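A.B. asks: everything below, folded, please.
(3 chains)
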Amino acid sequence: MSQSLTVAQQAAVEHFEGPLLVLAGPGSGKTRVITHRIARLIERGVPAETILALTFTNKAAREMASRVQLLMPGCRVQVSTFHRFCSRLLRIWPEDVGLKSSFSILDTTDQLRLVRQIMKDCGYDTVHLEPRRILNRMSRARNDLVTAETFRRRYEQRVGDLVDAVVCDVFPRYEQQLLSQNVVDFDALLLHVVDILTNAPERRECLDEQFRFILVDEYQDTNQAQYRILTGLSHSFPNVCATGDPDQSIYGWRGARPDNIAHFERDFDGVKIVMLDENFRSSAAIVDCADQLIAFNTRRHPRKLTTPNPQGAPVRLRRFTNGDTEADIVAAEIAHGVRENNRCYADFAVFYRVNALSRSIETALSRHGVPYQVAAGVSFYERAEIRDLIGYLRVIENPADESALTRIINRPARTIGEKTLLKIRNFSAQHCITMFAGACRCDEIPSLTSRSRRPLEAFTDLIRRLHDATAHKSVSWLIEQLLAEIDYLSLWRDHDNEIDQDRAANVHELISAARQYEQLLGEDEDGRSLQGFLELTSLTSEVDNVDQSRGAVTLMTMHAAKGLEFPVVYVLGLESGLIPHERAVRDGNPVSFEEERRLLFVAVTRAQEELHLTQTYERTFQGQRRSTIPSMFLQEMPLEYGDGIPQTPCVTAPKLDEQLQQARQRYEIAHSSHQKPAVISGADLLKQHEAVSPATDQSSLFPVGSTVRHPQYGRGTVVSATGGTGRATVTVHFESQNLEQTFVASHCPLQPVG
DNA sequence: CCGACTACTGTTTTT
DNA sequence: CAGTAGTCGG
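C.D. replies: Sure, this is the predicted structure:
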């Protein structure tokens, strides 16, 4: 930290006004550059309030904020994630986009619930056509700033498949529902701000002027919406400093546009570019590995990573019989490292491609008495009991929030069942009021018996009372009052089983989280404390609670690892199907395939001193044991092969097409040998009827990659095919029509060719 | 209207 | 395997 800046770093720090693009390789001191740059700007007399630093994760924001504080104690630079920044803006001008400032933020589960509801309303079969698929497509479109109307227009120009037809129906209704329920999802948070910036020039100018200097971290991860926000804020004062690394772009699947980096040069005049290629983080052996690996990506500016660091220990690959052995040995090694080699637990990190792999390591680590922290996808706030209580808080703050309302209206059970809910929904729709308002007027719903009215009245009364209390009561008071009123804890208190104790403990953890939040808030703000607390809970994930100073081994996915560094890193499960992930290979898209390589690149470059790669001969997955095939990326790195693994010579970069084909073949082999033949009964097929299902396994009728003929569309290639009971479909891509169509095998007009 | 049981399905990655 | 959605009987 105390070392001086390099010439290149200096250049980025000293650059004053005008757009600046910092292309920073891993470990090249990017965060240092940003924080020093902020400090330098302030030194130059730029008021701290006019500086805005935007990041993607809370973790990065917090890290940056604390480092700025270290350099410039007490300064009020705004460091925030894109989402939080947008949320704050929308709290100020909610009516610009048709919201009220009490809007709540939906998580993925809420989104799915809403999509499912809408699909049902439209008469779609949500069993065979998964709401998740619809949501994914819609979200992808919205990330790309495609509106519902544009989506429909494109579809009508015959681009798209059956699923898109459903999206056309759901999309506008979904957005309309968001507004009428006074809620936003993660995408809408950004989109509304884009809307303000494009349609309200006076607001845009005001913000542009307020934030004269903007710094964006991980620029390669910006999606179209974020990009527009950025440009919108930097029109009159184009003092944008974007830092990023195209080789670390790993969020393409959620709409990130790494080519925003190229656009940056196009959209801003006189961009100054600074390249930081020197890696100060890792040993030469590790940098070598990373450099050779990433060189295999074809769509990339060639770049050579260098380091002044010593060679260090070779990067070693080992292979174990199965996942449990793998986990056990890694755990034992970590324990040993701490006991004998003067390491501390926090020096170690274990990465994996999918969260599912964390479990075996967790058990192994606790068996060896090693403390660990997991940055898992399932957050504290997603646990049922927590979601219940948060649901209550959300309804109290924003009674229009239907996802929250339907979750909690009958929890704990108060005999408000599906039928009652449906009657309220219909009544509310008729009178154009929210469901909560409808519930309040349940005496006007003739079909409701007094037996179902009574609990409804009690419920609405409870919510109203607590809502009124928010004006002068704290969040923790609210939660405790709520617990008392609905006697919530008794749901879990009865037995002395572990799960119930966990749940009760979680509830108390929520209360203490609320207390902590209140303390942080201080005495000055009283009224909106509930709103702030809810915002915190919806925009914070478990990953953000990972704390490297906690004296524990860190377990996380490769995605979550970005931006971090550890002296010793283990990367698990270097197997075909896992990395590159089966799904990234299956869709045959070179873009997603190369993203897998970048992901491994990110993982590898987290290590400072030691990097250990492991794989197994057998992997138990979804209850099935399968033998594995080594990841093809392994032969792209100079490794030391341990324990009798046949040495595969390091290859030189072949053409991308060949690599892809290789990967696909391997994947097919790996699975076909263990595939049980698809047995499809006639009854199952009838059940299907015109349903569209996601691809899961291969059907023996139409192997993936084979050519088929369709009477109408002509020749096509099978993209995916499902067997399995209850669903049997084939998805075919017709190159000449630019069309992807899914067929139900029972009445499938397809003919195999050749 | 509620709870219990059974089928089924699938997770890449996250704000 | 494990979590969930959907079904059935009281």
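
A.B. asks: and stretch A:384-399, average pLDDT?
C.D. replies: For stretch A:384-399, the mean pLDDT works out to 89.

A.B. asks: list the buried ones in that stretch?
C.D. replies: A:385-399 (16 or more other C-beta atoms under 10 Å). For glycine as for every other residue, the C-beta is placed from the backbone atoms N, C-alpha and C.

A.B. asks: again with stretch A:157-168
C.D. replies: Those would be A:160-164, A:166-168, for stretch A:157-168 by 16+ other C-beta under 10 Å.

A.B. asks: of these, which are in range of DNA strand B?
C.D. replies: Near DNA strand B, judged by C-beta under 7 Å from any atom of the strand, there are no entries from the buried residues of stretch A:157-168.

A.B. asks: from those, pick the one nearest residue A:65.
C.D. replies: Nearest to residue A:65 among the buried residues of stretch A:157-168: residue A:167, at 38.9 Å, using C-beta to C-beta.

A.B. asks: what residues are up against that closest one?
C.D. replies: A:134, A:137-138, A:141, A:151, A:155 (C-beta atoms under 8 Å, 6 or more residues apart in numbering).

A.B. asks: just the ones of these in strands?
C.D. replies: Using DSSP state E, no member of the contacts of residue A:167 falls in strands.

A.B. asks: of those residues, just the buried ones, ChimeraX syntax please.
C.D. replies: Buried members of these, defined by 16+ other C-beta under 10 Å, are picked up in ChimeraX with:
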select /A:134,137,138,141,151,155
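
A.B. asks: relative to residue A:39, which of the contacts of residue A:167 is nearest.
C.D. replies: residue A:141 (40.7 Å).

A.B. asks: okay if I get the contacts of residue A:167 as a markdown table plus distance to DNA strand C?
C.D. replies: A markdown table is the format used below for these (distance: C-beta to the nearest atom of the strand, whole Å):
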| residue | distance to DNA strand C |
| --- | --- |
| A:134 | 14 |
| A:137 | 19 |
| A:138 | 18 |
| A:141 | 24 |
| A:151 | 25 |
| A:155 | 26 |
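
A.B. asks: format the contacts of residue A:167 as JSON lines; extra columns: distance to residue A:218 and pLDDT.
C.D. replies: Output for the contacts of residue A:167, formatted as JSON lines (distance: C-beta to C-beta, whole Å; pLDDT from 0 to 100):
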{"residue": "A:134", "distance to residue A:218": "29", "pLDDT": "88"}
{"residue": "A:137", "distance to residue A:218": "25", "pLDDT": "88"}
{"residue": "A:138", "distance to residue A:218": "25", "pLDDT": "91"}
{"residue": "A:141", "distance to residue A:218": "23", "pLDDT": "92"}
{"residue": "A:151", "distance to residue A:218": "28", "pLDDT": "91"}
{"residue": "A:155", "distance to residue A:218": "33", "pLDDT": "87"}
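
A.B. asks: what is the rounded mean pLDDT of stretch A:718-733?
C.D. replies: 56.

A.B. asks: span of that stretch from start to end?
C.D. replies: Taking C-alpha to C-alpha, to the nearest Å as the measure, stretch A:718-733 stretches 6 Å from start to finish.

A.B. asks: and if you look at stretch A:441-452?
C.D. replies: 13 Å.

A.B. asks: from the rest of the structure, what touches it?
C.D. replies: Counting by C-beta under 8 Å, 6+ apart, A:415-416, A:420, A:423-424, A:427, A:431, A:433, A:438, A:453, A:456-457, A:460 sit against stretch A:441-452.

A.B. asks: mind listing which of the buried residues of stretch A:384-399 are in strands?
C.D. replies: Using DSSP E, none of those sit in strands.

A.B. asks: now for the residues you listed: which two are most distant?
C.D. replies: Pairwise over the buried residues of stretch A:384-399, using C-beta to C-beta, the maximum falls at A:385 and A:399, 21.9 Å.

A.B. asks: and chain A, which residues reach DNA strand C?
C.D. replies: A:126-127, A:622-623.

A.B. asks: is it possible to export those to a markdown table including secondary structure, neighbour count and distance to residue A:324?
C.D. replies: Listed next are the residues of chain A next to DNA strand C as a markdown table, based on DSSP: H, G, I helix; E, B strand; the rest coil; neighbours: other C-beta atoms under 10 Å; distance: C-beta to C-beta, whole Å:
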| residue | secondary structure | neighbour count | distance to residue A:324 |
| --- | --- | --- | --- |
| A:126 | coil | 15 | 38 |
| A:127 | coil | 11 | 36 |
| A:622 | coil | 6 | 16 |
| A:623 | coil | 5 | 15 |
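
A.B. asks: closest to DNA strand B out of the residues you listed?
C.D. replies: residue A:622 (4.3 Å; C-beta to the nearest atom of the strand).

A.B. asks: how far away is that closest one from residue A:331?
C.D. replies: To residue A:331, residue A:622 is 23 Å away according to C-beta to C-beta, to the nearest Å.

A.B. asks: same deal with residue A:354?
C.D. replies: Counting by C-beta to C-beta, the separation of residue A:354 from residue A:331 is 19 Å.

A.B. asks: ok, residue A:238 next?
C.D. replies: Using C-beta to C-beta, residue A:238 is found at 52 Å from residue A:331.

A.B. asks: the two: who's more crowded?
C.D. replies: residue A:331 (26 against 20; other C-beta atoms under 10 Å).

A.B. asks: list the contacts of the more buried one.
C.D. replies: Residue A:331 neighbours (C-beta under 8 Å, 6+ apart): A:361, A:364-365, A:367-368, A:370.

A.B. asks: dump those residues to CSV, plus secondary structure, pLDDT and distance to residue A:633.
C.D. replies: Shown next, in CSV, are these (DSSP: H, G, I helix; E, B strand; the rest coil; pLDDT from 0 to 100; distance: C-beta to C-beta, whole Å):
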residue, secondary structure, pLDDT, distance to residue A:633
A:361, helix, 91, 21
A:364, helix, 91, 25
A:365, helix, 92, 26
A:367, helix, 90, 30
A:368, coil, 91, 29
A:370, coil, 92, 28
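
A.B. asks: if any of those are buried, put those into a PyMOL selection.
C.D. replies: Those of these that count as buried under 16+ other C-beta under 10 Å are selected in PyMOL with:
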select buried, chain A and resi 361+364+365+368+370
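
A.B. asks: ok, the contacts of residue A:331 vs DNA strand B, which is closest?
C.D. replies: residue A:361 (14.0 Å).

A.B. asks: ignoring the adjacent residues along the chain, who's closest to the closest one?
C.D. replies: Excluding the flanking residues, the one nearest residue A:361 by C-beta to C-beta, 6 or more residues apart in numbering is residue A:327, at 4.7 Å.

A.B. asks: please, which helix or strand holds the one you found?
C.D. replies: helix A:323-340 (DSSP states H and E).

A.B. asks: any residue of that helix touching DNA strand B?
C.D. replies: No: counting by C-beta under 7 Å from any atom of the strand, DNA strand B is not contacted by helix A:323-340; separation bottoms out at 13.2 Å.

A.B. asks: after that helix, next one along is what?
C.D. replies: Counting by DSSP H and E, what follows helix A:323-340 is strand A:348-352.

A.B. asks: show me what that next one is packed against.
C.D. replies: helix A:323-340, helix A:358-367, strand A:553-557, strand A:566-571 (3 or more C-beta pairs under 8 Å, 6 or more residues apart in numbering; DSSP states H and E).
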